[in-house]
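Enquirer: here is a sequence with its predicted model. Questions after.
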Amino acid sequence: MPMLQRIGACLAEASHYCTVTATLAGMRALDTADMPARPPAPPAGTRWWLLLALSLLLHLMLLAAAGGGIGMPAAVSRAPAAAVVSAGVVSGPAPSTAVALPPPALPRGQSTAPVAPLAAAAPRQRQAPARPQPAASVSQDEVPAIGETLPTPADGVASGAPEKLPAAPVQANAASPTDVVPGPVGTASDATANASARPRYTIDLPPSATLSYEVRYATRGSITRGSSAVAWRSDGNTYTVRGEVSKFGFTLSAFRSEGAIDDAGIAPLLYAEKNARRAETNTHFLRDARQAISFSAATDSAPLQPGAQDRASIPWQLAGIARGQPELLVPGTMLDVLVAGVRDAEHWMIEVIGEETVNLDTGPVQAWHLVRAPRIGTYDKRIDIWLAPAQQWYPVKLRYTEQSGDYLDLSLSALQ
C-alpha cells in the first residue's frame, strides 16, 4: 500500500506539471501578439500535441520506474498451501472379552512380588496452644477457719466457675485403697443397713474449757501469724463448740457446732462456717424421719449415720474416744468416723501414729499423734491432731496441710 500511494502522488504531480505548462504556453501566445513579427512558429495544434506526447511519455516513465516495486520479488517463491487434516474418533465395536497383556519378562533369578500401595499420609493435626493459667493470688491476711479448706485463688472471686485443677499427685504415706471407706451414697435405709458394720466407740467427753492457740499460716514460703480461741462447752446432754481466727483484733473466720450428746458421743445438729470474704454456710443434721445431712452450699444430701461429726466437733469426739477407750491408742489403729463439711460428708480414716513430745509455748508436753491422710487421687488435706493425756486429752496442737505444702498450724498457748 505505501508503494501505490507513492505512485498516485507522482501521477498527481505530473498532471499538475502538464497543466501548468499548458497555461504558460497560452500566456506566451497572448504576449507574442503585441510583439514585432518574428519567424513563423509551429502551429498551435502541433504544440498541444507535443505537450500531450510529453505528458504521456512522463507517465510512461513514472509507471516504468514504479513497476519494479509493485508485487512480491520474483526470487521469493510462494509457499505451498498448508494441508488441512480433519480427524475424528470413530467408535468401533467393543471387544467381547478383555485381553490381558502379558507382563514384561524379568531377568532370571528375579521374582515378582506384589507392591503394597502407599498409605496416604495422615494429615498432621495442629495442636491448639495451651491456655495459660492465671497466676494464683492468695492474700496472706486471710487465715481459714479451723477445719475448712485453706484459701485458694477462687476465694477472692465473687462469682465465676472454679478453676479446673490437674490430677492430684499420689503421696507415699497416703492410706491404701483397702483402708479407705467411700463416702455415703444412697438413701437413709442404706445407711441404717450399713450402720451395724461401722464400729461403735465408747465415748467419755472432756470437761468444758476455753483453749487459746497461736496460729501460723504458711503459704508460698511466707508465714502469717495470728491467734485463735476455741470454746468447748458440754453439760452431758448438749454441747457447743465456738471458734474464731483473728489477726490484729480482726476476725478473719469463725465457726460453730452445736447439738446433743447420745450413745455414739457428739451428735451435731448444726455446723456453720463464716469467712470474711464469703457468706455463712450451714450444714444441718436432720435426725428426724429423714435421717439425712443437708448443705446450704450444695443441693445434694448425705445419709446420716450414728457417730457422724462435723469439722468443728471431730477433735472433741476423738478426745472422747481416747478417754473412753484408751486401749485403741496403739500405733497403726484406724478410726473410722463420718465427717460432714460445707458441701458433702465422707468417712475419715484416722490413723494412730504414736505418742510424741510436742513443744508448746507453755513447754513440752506428751501427746498422742493422730493423722487423717488424704485419699489417693484426691485433693483432701492432711490433718494432724495431737491429744495430750495430761491435759484432759484436749487437742493441744492441730495442723491442716494442703497438697501444695501450705499449712495452717495451731499450737496451744493458754488453757482456761
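Expert: That came through, no problem.
Enquirer: ignoring the adjacent residues along the chain, who's closest to G341?
Expert: Distances taken as C-beta to C-beta, 6 or more residues apart in numbering put R311 closest to G341, at 5.8 Å, once the chain neighbours are dropped. Backbone N, C-alpha and C define where each C-beta goes, glycine included.
Enquirer: got the phi and psi for the one you found?
Expert: Per-residue torsions, R311: phi -70, psi -30 (degrees, to the nearest 10).
Enquirer: same question for I314.
Expert: Dihedral pair for I314: phi -60, psi -40, per degrees, to the nearest 10.
Enquirer: next one, pLDDT for the residue nearest to G341 please.
Expert: We have a pLDDT of 96 for R311.
Enquirer: can you check H347 too?
Expert: 93.
Enquirer: any idea which element it lies in?
Expert: strand 345-360 (DSSP states H and E).
Enquirer: same check, this time on R216
Expert: Using DSSP H and E, R216 falls in strand 209-219.
Enquirer: now do W49
Expert: Per DSSP H and E: helix 44-67 holds W49.
Enquirer: D409 now?
Expert: strand 407-415.
Enquirer: tell me what that strand is packed against?
Expert: strand 209-219, strand 345-360, strand 394-401 (3 or more C-beta pairs under 8 Å, 6 or more residues apart in numbering; DSSP states H and E).
Enquirer: buried ones in the longest one, by neighbour count?
Expert: Of all the residues in strand 345-360, those buried under the rule 16 or more other C-beta atoms under 10 Å are 345-353, 358, 360.
Enquirer: I'd like the next helix or strand past that strand.
Expert: strand 363-372.
Enquirer: could you do the first one as well?
Expert: Past strand 209-219, further along toward the C-terminus, the next helix or strand under DSSP H and E is strand 222-234.
Enquirer: for that next one, buried residues please.
Expert: Buried residues in strand 222-234 (16+ other C-beta under 10 Å): 224, 226-230, 232, 234.
Enquirer: redo these as JSON lines? Include pLDDT and distance to V365.
Expert: Below are the buried residues of strand 222-234 laid out as JSON lines (pLDDT from 0 to 100; distance: C-beta to C-beta, whole Å):
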{"residue": "T224", "pLDDT": "92", "distance to V365": "25"}
{"residue": "G226", "pLDDT": "95", "distance to V365": "22"}
{"residue": "S227", "pLDDT": "96", "distance to V365": "19"}
{"residue": "S228", "pLDDT": "97", "distance to V365": "18"}
{"residue": "A229", "pLDDT": "97", "distance to V365": "19"}
{"residue": "V230", "pLDDT": "98", "distance to V365": "17"}
{"residue": "W232", "pLDDT": "98", "distance to V365": "18"}
{"residue": "S234", "pLDDT": "97", "distance to V365": "23"}
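Enquirer: that older thread, redo the helices and strands packed on strand 407-415 as TSV? Include distance to Q305.
Expert: TSV is the format used below for the helices and strands packed on strand 407-415 (distance: least, C-beta to C-beta, whole Å):
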stretch	distance to Q305
strand 209-219	28
strand 345-360	9
strand 394-401	23
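Enquirer: quick one on the thing from earlier: number of residues surrounding the residue nearest to G341?
Expert: 23 (other C-beta atoms under 10 Å).
Enquirer: and if you look at A308?
Expert: The local packing of A308 (other C-beta under 10 Å) involves 26 other residues.
Enquirer: so it sits against G341, correct?
Expert: No. Taking contacts as C-beta atoms under 8 Å, A308 lies outside contact range of G341: 11.7 Å.
Enquirer: ok, so of the buried residues of strand 345-360, who is nearest T210?
Expert: Nearest to T210, judged by C-beta to C-beta, of the buried residues of strand 345-360 is L360 at 16.2 Å.
Enquirer: give me the beta-bridge partners of the closest one?
Expert: G363 (DSSP bridges).
Enquirer: any idea of the pLDDT on it?
Expert: At L360, pLDDT is 93.
Enquirer: which ones are touching it?
Expert: By C-beta atoms under 8 Å, 6 or more residues apart in numbering, the residues touching L360 are 396-397, 411-413.
Enquirer: one more time with 10 Å
Expert: 213-214, 367, 386, 388, 391, 396-397, 411-413 (C-beta atoms under 10 Å, 6 or more residues apart in numbering).
Enquirer: now do A298, the pLDDT please.
Expert: pLDDT, A298: 92.
Enquirer: so it makes contact with R343?
Expert: Yes. Taking contacts as C-beta atoms under 10 Å, A298 lies within contact range of R343: 4.3 Å.
Enquirer: which neighbours do those two share?
Expert: 281, 283.
Enquirer: that older thread, out of the contacts of L360, the closest to E280 would be?
Expert: Y213 (22.0 Å).
Enquirer: so how many other residues sit close to the closest one?
Expert: Neighbours around Y213, by other C-beta under 10 Å: 25.
Enquirer: run through the residues that contact it.
Expert: 146, 226-230, 243, 245, 360-361, 395-398, 409-414.
Enquirer: confirm for me that I223 is in contact with E214.
Expert: No. Counting by C-beta under 10 Å, I223 stays clear of E214, with 11.5 Å between them.
Enquirer: any weak-confidence spans in the stretch 151-300 of the chain?
Expert: 151-197 (pLDDT under 70).
Enquirer: show me where it has strands.
Expert: 209-219, 222-234, 238-247, 250-262, 265-275, 281-286, 292-295 (DSSP state E, counting those that start in this stretch).
Enquirer: so can I have a markdown table of those showing distance to L56?
Expert: Listed next are the strands of the stretch 151-300 of the chain as a markdown table, based on distance: least, C-beta to C-beta, whole Å:
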| stretch | distance to L56 |
| --- | --- |
| strand 209-219 | 129 |
| strand 222-234 | 129 |
| strand 238-247 | 137 |
| strand 250-262 | 135 |
| strand 265-275 | 132 |
| strand 281-286 | 134 |
| strand 292-295 | 134 |
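Enquirer: out of those strands, the one nearest A302 is which?
Expert: Per C-beta to C-beta, nearest to A302 of those: strand 292-295, 4.5 Å.
Enquirer: the helix or strand following that closest one pairs with which strands, and in what direction?
Expert: Using DSSP H and E, the helix or strand that follows strand 292-295 in sequence is strand 301-303. Looking at strand 301-303 with DSSP bridges, its partner strands are strand 292-295 (antiparallel).
Enquirer: excluding its own residues, what touches the strand it pairs with? List them.
Expert: 184, 187-188, 191, 268, 271, 281-287, 300-305, 308, 310, 338, 340-345.
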